[in-house]
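*Asks:* Sequence first, then the predicted structure, then my questions.
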Amino acid sequence: MTNSLNHWIDNKEGYSFASKVKIYDGRSLYLFYHKRHFRRVLVGIAESKIFDAVILSLIVLNSLCLVLYDYRDRCNKEFRNTMLEFVMNITTYCFMGEAVIKIVAQGFVVHRNSYLRDSWNCLDFFVVITSIVELVDFGI
């Protein structure tokens with residue numbers, strides 16, 4: 001093998017899940033090396049079917065909360081709106097955690113198979129950023 005091919009193999013790692021192999025870059029965010037236990041655990045979580053099912057359940061829960069929310073009561077004077085707002089905030093934090101796990105596991109944007117190279121993850125990232133903006137109280 002040539003020297004550049006050896007360098008490429010040393011800097012990439014194949015992760016096998018459900019008889020599929022995904023190749024992620026050797027360093028995620030230029031910080032997390034592919035042989036480190038921390039990154040291997042996060043890749044395992046990000047590629048897990050259980051993780052996908054939990055996130056999908058949270059999406060359904062958040063959607064139900066959005067449907068049940070009474071938008072006429074913007075000050076959350078009713079107990080129902082207060083509880084729904086609380087649940088929506090918890091799901092927002094869970095979605096932020098999902099994004100961080102996937103970004104550390106896959107890389108952000110530069111490398112092949114990175115987080116923002118997937119169109120669903122782009123939509124997910126947009127929703128997470130929008131949710132963060134909604135959580136921040138600007139006092140307006």
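*Replies:* Received, thanks.

*Asks:* What distance do you get for the residue positioned nearest the centre of the chain to Leu123?
*Replies:* What sits nearest the mean C-alpha location of the chain, by Cα atoms, centre = their mean, is Ala99, with 2.1 Å. Distance, Ala99 to Leu123, using Cβ to Cβ, to the nearest Å: 11 Å. Just so you know, the C-beta spots here come from the backbone N, C-alpha and C atoms, and that holds for glycine as well.

*Asks:* what do you get for Glu47?
*Replies:* Distance from Glu47 to Leu123, by Cβ to Cβ: 19 Å.

*Asks:* Looking at these two now, which is surrounded by more residues?
*Replies:* Taking other Cβ atoms under 10 Å, Glu47 and Leu123 do not tie; Glu47 has more neighbours (19 against 10).

*Asks:* Just to check, that one is in contact with Lys22?
*Replies:* Yes - counting by Cβ atoms under 8 Å, Glu47 does reach Lys22; the two are 7.0 Å apart.

*Asks:* burial count for Leu68?
*Replies:* 12.
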